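Participant: Take a look and give me a structure for this.
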Amino acid sequence: MATKSPTPRDIRALMQVFGRFQSARLWSEIPSDAPVALRFEGDDEPWFAVVMGSAGIEFGVHMIQGLPGLRALRARESDDDIEEIRAEVEQGTRIGFSIERWSNLPPGQRRRLQRGGVNPRREASVPFVAAAERGRSGAPDARALRRLVLATAVLLDAHERSLIPWHERPDPDTCAVLEIAGPWRSPCIAVSWHDFGVPRRTRDPHGIGWKPPPPPPETARWRTAESAVTRRTMRRLDERELLDDDALLAYFGTTDMAAIAEFLGARPDAHPALYHWLIENVRRPRRAPTVLESLLDDDLTDDERAVVEARRRATPVFARVATTDPETGWITAVDILTGEPLRFHDWGVSQSTAQDQVIIVTPVRVADVILPLLAGPLLARGQADEAFAFLEQQGLVPTPEGIAKKPHLLGRLWLWLEELRRAPPPRVHNTDGEPMEFHELVLRAADPGAVIAALERRDDIDYDEHEGHWSWFRENDPEGRHAMLGSCIHLGRIQVIGDEILVSVNSAGRARRVRAWLEDIPGVGFEKMEVSSLDAVRKSLGDRPLDDRPSDEERNFEPPPEVLEQLARHLRAQYRNWMGERIPALGGKTPRQAVRSKKGRAQVLRLIHTLPSPMDGIDMEPIRQELLRELGLE
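Facilitator: Numbers count the residues shown, from 1 in each chain. This next block holds a predicted model:
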């Protein structure tokens, strides 16, 4: 391979086409067992590309040069000549990318993307690029990466412009051929069909051709229509050139175009929300129809027209995820501004969200189906109220009508979250208000029996027979500065093993206090103490060997029904008290006081609809409904 490394500009081009690939969801349109032949000007042999993802396992684009590539793409694991085909491909040229989490990338891949300004969150999706030539694999050089970017862009253009008439395919053995000529930034594309003499082989019924269960028929019907509408809007969006500095300023709220470009390169998951806003809201000139409205003059099918009208009526919502099932693709959620329930089918959302997170989506209601379109970033548990406080500073009225009037302000949340992510982590304190530092103390006892007797006499010590240690606690003060749920607050753990006393606490103040009263017991002397910061403990937990981490059984432990019932009763009592407590998010008012004003009612409604469940198995809905009734918010 050539040794010239990709430039930062090459990396940005990769991230741009990667974002388009994710937005277009090509894997749902082009089957992975339908290779497309690409003939580049100046190449002796064609490349054969497949779009991965229709099986629901791996998503991306894979390219192999030459007929051995086509044979490999059409082979089965059970074929007699599979090893021969593999050996032939190993000596050829291959390149491709798959969608991967940033945290899963090897360090070398991360460094290469960072040269282009890519530095996303751990959970963000990025391209994992791999290349190989004549038996050697490694990072692609500049020429190979540009070829991959061009090929992906051509596949996207061909799809968006409906250049490949799949319904006119002569027979399953033929390939669509895309002849590519001209400058790589604006190539000319010619389309034809050709039989390369490599017959298509039937996929194994339970092998790589496996697909996830299909969506319900009605959902599939309307998603097909929505995909057709999206293809039309993307073509028209390119023609109108609406994505200019004015649009970016309105959406992101900054004139720093370099920062916006860097962000969009690093966060392709933001592209769909930006494109949806452009398509549905931007008018150039001012009284012109939007891209979406302009489709009404097209020759649409009845279903496509119904989707366009439904999208015109739809308004973005902030919805708390109530349940999500990645096995079936179903999600239930609740609009936190109105309390309206939502239920829809979407594989992507079901795989990427968790209970009590808040999704910002535009629910497109057509017939009895909801099609969710991304309208903003995913918010973590407890983050929605901060987000609304920020949006109010930007000029948004936090009501459905306010969001409908200024939907562009939702785009400001992307950079706001990015600033939060890059900000120094806040100092973490325990319930005594002391900086969190983990202290492990070792004391020695001349008479362990006397120590145990002294512990049993204390009112703030209780023995946990199940765990085999003593718990040091204090009574909870509901009016205190650091009040918590529950009647008692755990302060530390004490074990007596032989003549050793082992103590674990999470602050220097608690370490001093526990040491003082333990040393007052006759015959007890201090031996040593180890201190670990919160960051060090987090790192040590992440570095623990797999066999030292909690087992699946431990992680999936479900408390007995009677324990869950008792906790639910306690939570109900706690939240009834909450209605009379002063809440900082309500300006120091209690919920009962806040609901006397229109703004306060909206704030309290949001707080109640985003109350998180403290643990699996606790249904917060009855508690929420009780609070809503009590405060007159039903």
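Participant: so V397 touches K405, yeah?
Facilitator: Yes - using C-beta atoms under 8 Å, V397 is in contact with K405, at 7.4 Å. For every residue, glycine as well, the C-beta is placed using N, CA and C.
Participant: Which parts of the stretch 251-400 of the chain are strands?
Facilitator: Remark: strands assigned in the stretch 251-400 of the chain by DSSP state E, counting those that start in this stretch are 317-325, 330-335, 341-345, 358-366, 369-374.
Participant: Tell me if S98 really is in a strand.
Facilitator: Yes - assessed by DSSP: H, G, I helix; E, B strand; the rest coil, S98 belongs to a strand.
Participant: tell me the pLDDT at it?
Facilitator: S98 carries a pLDDT value of 84.
Participant: Got phi/psi on the residue lying closest to it once chain neighbours are set aside?
Facilitator: Setting aside the residues directly before and after it, S98 is nearest to G60 in space (C-beta to C-beta, 6 or more residues apart in numbering), at 3.6 Å. When read as degrees, to the nearest 10, the backbone of G60 gives phi 160, psi -160.
Participant: got a list of what G60 touches?
Facilitator: Applying C-beta atoms under 8 Å, 6 or more residues apart in numbering to G60 gives the contacts 51-53, 96-99, 127-128.
Participant: Which one (most neighbours) among those?
Facilitator: Counting neighbours by other C-beta atoms under 10 Å, P127 comes out on top of those with 28 neighbours.
Participant: Secondary structure element for that residue, which one?
Facilitator: Element membership for P127 (DSSP states H and E) is strand 125-133.
Participant: in its sheet, what does that strand sit against?
Facilitator: Strands that pair with strand 125-133, judged by DSSP bridges, come out as strand 93-101 (antiparallel), strand 136-138 (antiparallel).
Participant: Show me the contact partners of it.
Facilitator: Contact with strand 125-133 is made by 1, 14-15, 18, 22, 60, 90, 92-102, 104-105, 109, 113, 118, 120, 137-141, 144-145, 148, 268-269, as judged by C-beta under 8 Å, 6+ apart.
Participant: Could you list the buried residues of it?
Facilitator: Residues 125-133 are the ones in strand 125-133 that count as buried (16 or more other C-beta atoms under 10 Å).
Participant: ok now that strand, how far from the chain's centre?
Facilitator: Centroid separation between strand 125-133 and its chain, computed with C-alpha atoms, centre = their mean, to the nearest Å, is 21 Å.
Participant: Could you give the average pLDDT over that strand?
Facilitator: Here the average pLDDT along strand 125-133 is 84.
Participant: Can I get it in CSV? Just the C-alpha atoms.
Facilitator: In CSV, the C-alpha atoms belonging to strand 125-133 read as follows (Å, rounded to 0.1, in the frame of the first residue of the first chain):
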residue,chain,number,x,y,z
SER,A,125,-21.3,6.0,16.8
VAL,A,126,-18.2,6.3,14.6
PRO,A,127,-16.7,4.5,11.5
PHE,A,128,-14.3,1.6,12.2
VAL,A,129,-12.3,1.5,9.0
ALA,A,130,-10.3,-1.5,7.9
ALA,A,131,-8.2,-2.2,4.8
ALA,A,132,-6.1,-5.0,3.4
GLU,A,133,-4.0,-5.6,0.3
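Participant: With S162 as the reference, name the closest of the strands paired with strand 125-133.
Facilitator: Distance to S162, taken as C-beta to C-beta, is lowest for strand 93-101 among the strands paired with strand 125-133, at 24.3 Å.
Participant: What is the following helix or strand past that closest one packed up against?
Facilitator: Using DSSP H and E, the next helix or strand after strand 93-101 towards the C-terminus is helix 107-114. Here helix 107-114 touches helix 8-24, strand 125-133, going by 3 or more C-beta pairs under 8 Å, 6 or more residues apart in numbering; DSSP states H and E.
Participant: okay if I get those as CSV plus distance to M436?
Facilitator: Listed next are the helices and strands packed on helix 107-114 as CSV, based on distance: least, C-beta to C-beta, whole Å:
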stretch, distance to M436
helix 8-24, 37
strand 125-133, 32
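Participant: before we move on, the earlier item: the strand holding P127 vs helix 8-24, what angle?
Facilitator: 120 degrees (axes from the mean of the first three to the mean of the last three C-alpha atoms, to 10 degrees).
Participant: ok, longest helix in this protein?
Facilitator: Using DSSP state H, we find that the single longest helix of the chain is helix 217-240.
Participant: got the angle for it vs helix 8-24?
Facilitator: Interaxial angle of helix 217-240 relative to helix 8-24 (the same axes, to 10 degrees): 140 degrees.
Participant: For helix 217-240, give the mean pLDDT please.
Facilitator: Average pLDDT, helix 217-240: 85.
Participant: now swap in stretch 150-157 and tell me
Facilitator: Stretch 150-157 comes out with an average pLDDT of 88.
Participant: quick revisit: report the buried residues of the longest helix of the chain.
Facilitator: For helix 217-240, by 16+ other C-beta under 10 Å, it's 219, 222-234, 236-237, 240.
Participant: likewise stretch 442-449?
Facilitator: Of the residues in stretch 442-449, those buried (16+ other C-beta under 10 Å) are 443, 445, 448.
Participant: Can I get the residues you listed in a markdown table including pLDDT and secondary structure?
Facilitator: Shown next, in a markdown table, are those (pLDDT from 0 to 100; DSSP: H, G, I helix; E, B strand; the rest coil):
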| residue | pLDDT | secondary structure |
| --- | --- | --- |
| L443 | 94 | strand |
| A445 | 93 | strand |
| P448 | 90 | helix |
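Participant: Can you lay out these as a markdown table showing distance to R283?
Facilitator: Below are the buried residues of stretch 442-449 laid out as a markdown table (distance: C-beta to C-beta, whole Å):
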| residue | distance to R283 |
| --- | --- |
| L443 | 74 |
| A445 | 79 |
| P448 | 80 |
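Participant: next helix or strand past the lowest-mean-pLDDT helix or strand in the chain?
Facilitator: Within the chain, confidence by mean pLDDT, DSSP states H and E is lowest for helix 552-555 among all helices and strands, at a mean of 48. Later in the chain than helix 552-555, the nearest helix or strand by DSSP H and E is helix 561-578.
Participant: What about L491, how many residues nearby?
Facilitator: Per other C-beta under 10 Å, the neighbour tally for L491 reads 20.
Participant: That one in helix, strand or coil?
Facilitator: strand.
Participant: Dump stretch 464-480 to PDB, keeping only the CA atoms.
Facilitator: What follows is stretch 464-480, C-alpha atoms only, in PDB (Å, rounded to 0.1, in the frame of the first residue of the first chain):
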ATOM      1  CA  ASP A 464     -25.900  -7.300  58.700                       C
ATOM      2  CA  GLU A 465     -26.100 -11.100  59.000                       C
ATOM      3  CA  HIS A 466     -26.500 -11.600  55.200                       C
ATOM      4  CA  GLU A 467     -23.300  -9.600  54.400                       C
ATOM      5  CA  GLY A 468     -21.400 -10.500  57.500                       C
ATOM      6  CA  HIS A 469     -20.300  -7.000  58.600                       C
ATOM      7  CA  TRP A 470     -21.400  -4.100  60.800                       C
ATOM      8  CA  SER A 471     -23.100  -1.100  59.300                       C
ATOM      9  CA  TRP A 472     -22.500   2.400  60.800                       C
ATOM     10  CA  PHE A 473     -25.500   4.700  60.100                       C
ATOM     11  CA  ARG A 474     -27.300   7.800  61.200                       C
ATOM     12  CA  GLU A 475     -30.900   8.800  61.200                       C
ATOM     13  CA  ASN A 476     -32.000  10.700  58.100                       C
ATOM     14  CA  ASP A 477     -33.100  14.400  58.500                       C
ATOM     15  CA  PRO A 478     -35.700  15.100  55.800                       C
ATOM     16  CA  GLU A 479     -35.200  18.800  56.400                       C
ATOM     17  CA  GLY A 480     -31.500  18.600  56.300                       C
END
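Participant: In the stretch 301-450 of the chain, where is pLDDT below threshold?
Facilitator: 425-426 (pLDDT under 70).
Participant: What segments of it are helices?
Facilitator: Taking DSSP state H, counting those that start in this stretch as the criterion, the stretch 301-450 of the chain carries its helices at 302-313, 347-352, 384-394, 400-405, 412-422, 448-457.
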